[in-house]
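A.B. asks: I need the structure of the sequence given here:
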Amino acid sequence: HPLVGHLSARSDIPSVATLNSYHFFRSSLTNTSRDTPERLYELVGYPTTGRVLRHFMKQIDVFVALSKAIQSIYEENGFGNCRFEYIPKMIDPAFEVPAQEDVENDVEGYELLYVGSLTENKGVVHLVRALQRFPSEYRLRLVGEGPREETLRSVAAELDVADRVEFSGWVPYEQIGEAYVRADLFVHPGIWPEPLNRTVFEAMQAGLPVVCTDIGGPPEGIQYDEFLCEPANP
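C.D. replies: Now for the predicted structure:
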């Protein structure tokens, strides 16, 4: 937060901040869309008060970058003279993965899994569109909720794959492990340079192969190029 930089410099107290968003940049930079108040800020506030806020941010002593992607975006957009430490988000030792035999699994065929919010920048609509290209035994489970759910349902119906898409809604964190164990493949279809994504690592902890789009921080955890794909390309 810019106030941290201001108070840090004013009080001569060292400060450290973790980068996990792009709120002080234009949405076009991160391939995202914003609501009306945020669009208004971009038109009026970004070139005026935004310049002051970014000045205060630069007074923070060290920025911790969760991925090389977010560090690069900051460095290339006015923060090149700041100090960065690259400390990627690691696995969560408290995340529990249940045993296969303890999870009831009545899924027939092959299940693709997505876990996360159903928002535009997550690119889930492209995953739903991709399902049309798979044989009928392939199913897709979406765990999460968000403003794009009705759009996703409409697209699934339009493509005649609605009977192969399961909308599970929000699932408590302590039960997420069951979703990973039940699935065969995890897919992260994001279309914006997400700083890093926890679900990619959770899926790996559960022993799932992971396919993700080649943008932002998530692909930094993928070992093979064959598991990366172009964003927004079903």
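A.B. asks: how about the strands of this structure, start to end?
C.D. replies: 16-19, 62-65, 84-86, 110-115, 138-143, 165-169, 185-188, 210-213, 228-229 (DSSP state E).
A.B. asks: check contacts around Ile91.
C.D. replies: Residues in contact with Ile91, defined by CB atoms under 8 Å, 6 or more residues apart in numbering, are 201, 204-205. (C-beta placed from N, C-alpha, C; glycine too.)
A.B. asks: ranking those residues by neighbours, who comes first?
C.D. replies: Among these, the one with the most neighbours (other CB atoms under 10 Å) is Phe201, at 19 neighbours.
A.B. asks: what sits up against stretch 116-124?
C.D. replies: Contacts with stretch 116-124, where a contact means CB under 8 Å, 6+ apart, come from 30-33, 114, 142-149, 152, 188-192, 194, 197, 199, 213, 231-232.
A.B. asks: name the nearest residue to Arg83, sequence neighbours excluded.
C.D. replies: In space, Arg83 comes closest to Val62 once its chain neighbours are excluded; the distance is 5.0 Å by CB to CB, 6 or more residues apart in numbering.
A.B. asks: could you tell me how many residues sit around that neighbour?
C.D. replies: Val62 is flanked by 13 other residues according to other CB under 10 Å.
A.B. asks: is it true that it touches Phe79?
C.D. replies: No - Val62 lies out of contact with Phe79 (CB atoms under 8 Å); the separation is 11.9 Å.
A.B. asks: for the strands of the chain, give me TSV that also has mean pLDDT and distance to Val128.
C.D. replies: TSV is the format used below for the strands of the chain (pLDDT from 0 to 100; distance: least, CB to CB, whole Å):
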stretch	mean pLDDT	distance to Val128
strand 16-19	94	31
strand 62-65	96	32
strand 84-86	96	34
strand 110-115	96	9
strand 138-143	97	7
strand 165-169	96	6
strand 185-188	97	11
strand 210-213	97	14
strand 228-229	96	15
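A.B. asks: could you dump those strands to TSV with distance to Ala94?
C.D. replies: Rendered in TSV, the data for the strands of the chain read as follows (distance: least, CB to CB, whole Å):
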stretch	distance to Ala94
strand 16-19	19
strand 62-65	21
strand 84-86	24
strand 110-115	17
strand 138-143	19
strand 165-169	22
strand 185-188	20
strand 210-213	20
strand 228-229	29
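A.B. asks: ok, which of these comes nearest Gly50?
C.D. replies: strand 16-19 (16.8 Å; CB to CB).
A.B. asks: wait, what's in contact with the nearest residue to Asn105 once chain neighbours are set aside?
C.D. replies: Leaving aside its chain neighbours, Asn105 sits nearest to Arg182 (5.0 Å; criterion: CB to CB, 6+ apart). Shown here is Arg182, whose contacts under the criterion CB under 8 Å, 6+ apart are 103, 105, 107, 111, 113, 141.
A.B. asks: neighbour-wise, which of those leads?
C.D. replies: Leu113 (25 neighbours).
A.B. asks: distance of that one from Val143?
C.D. replies: Leu113 sits 7 Å away from Val143, going by CB to CB, to the nearest Å.
A.B. asks: where does this protein have low pLDDT?
C.D. replies: By pLDDT under 70, the weakly predicted segments of the chain are 31-36.
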